[in-house]
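Novice: mind folding the following:
(chains A and B)
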Amino acid sequence: DTGVSQDPRHKITKRGQNVTFRCDPISEHNRLYWYRQTLGQGPEFLTYFQNEAQLEKSRLLSDRFSAERPKGSFSTLEIQRTEQGDSAMYLCASSFRGTHLRGYEKLFFGSGTQLSVL
Amino acid sequence: TQLLEQSPQFLSIQEGENLTVYCNSSSVFSSLQWYRQEPGEGPVLLVTVVTGGEVKKLKRLTFQFGDARKDSSLHITAAQPGDTGLYLCAGVLYQGAQKLVFGQGTRLTINP
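Specialist: The predicted structure is shown next:
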């Protein structure tokens, strides 16, 4: 088990360009989350998947953002027409949610992709 | 407006001292977690508290969930330089909620 893997670790782009990030979760995990963290703040929820279904999206996720998890394994987060305000650390996390109801689950975070929009 | 307010935001103390970090809200949480994050890395879960008044210990770290499940604290005894990092509290608003709400974090520096 190599943990949650994110690629690339760093991305520098010019305003207006499109960028795509990849997340490979822990293999048996059925849930995958995307969070965004700006300097001096805690992570903010963007979206999550259960298997291949995207079940919730934050209002933070404008129409320039799209996320996919085509086969219920890896996920991609694409940002179109990047803006300077998109500069942040983009964190992916995965977890296993069983059939029983629980008040919490253990999230495993990747190391993140640091995006800088110039 | 931050749903979970952490205080202090920055704390720098000498090795061997004790400290307490607070996580407060006006909302009731189903459960609350504490994470530690190193620079350039993702957060790592330290503990989850679920029951009001619950206390959990992890070596020199003591976590408490408030009776009303609106607040939590992290107490570190005899802090060591290895405790340096960003400490984040994160809550689940209700059972079945799918996302964590994070506080803004407390950046802790332990000086040798």
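
Novice: would you mind listing what in chain A touches chain B?
Specialist: A:4, A:33, A:40-45, A:48, A:55-56, A:58, A:91, A:93, A:101-104, A:106-112, A:114 (Cβ under 8 Å from any Cβ of the partner chain). All C-beta atoms are positioned from the backbone trio N, CA, C, and that covers glycine.

Novice: switch to 7 Å and redo it
Specialist: Within chain A, the positions lying close to chain B (Cβ under 7 Å from any Cβ of the partner chain) are A:40-43, A:45, A:48, A:55-56, A:91, A:101, A:103-104, A:106-107, A:109-112.

Novice: mind showing which ranges of chain B have poor pLDDT?
Specialist: Residues of chain B that meet the criterion pLDDT under 70 lie in B:1, B:95-96.

Novice: and the most centrally placed residue in chain A, what helix or strand is that in?
Specialist: What sits nearest the mean C-alpha location of chain A, by Cα atoms, centre = their mean, is residue A:34, with 2.6 Å. Using DSSP states H and E, residue A:34 falls within strand A:31-37.

Novice: which bits of chain B sit near chain A?
Specialist: When proximity is defined as Cβ under 7 Å from any Cβ, chain B approaches chain A at B:30-31, B:33, B:40-43, B:45, B:48, B:50, B:88, B:92, B:95-96, B:98-100, B:102-105.

Novice: are any of these buried, and if so which?
Specialist: Buried residues within the residues of chain B next to chain A, counting neighbours by 16 or more other Cβ atoms under 10 Å in any protein chain shown: B:30-31, B:33, B:41-43, B:45, B:48, B:50, B:88, B:92, B:99-100, B:102-105.

Novice: need the next SSE after the helix or strand bottoming out on mean pLDDT in chain A, C-terminal direction.
Specialist: Between all helices and strands in chain A, the lowest mean by mean pLDDT, DSSP states H and E belongs to strand A:53-57, at a mean of 90. Following strand A:53-57 in sequence order, the next helix or strand is strand A:65-68 (DSSP H and E).

Novice: where do the strands sit along chain B?
Specialist: With DSSP state E as the criterion, chain B has strands at B:5-7, B:10-14, B:19-24, B:31-37, B:44-49, B:55-58, B:61-65, B:71-76, B:85-92, B:101-102, B:106-111.
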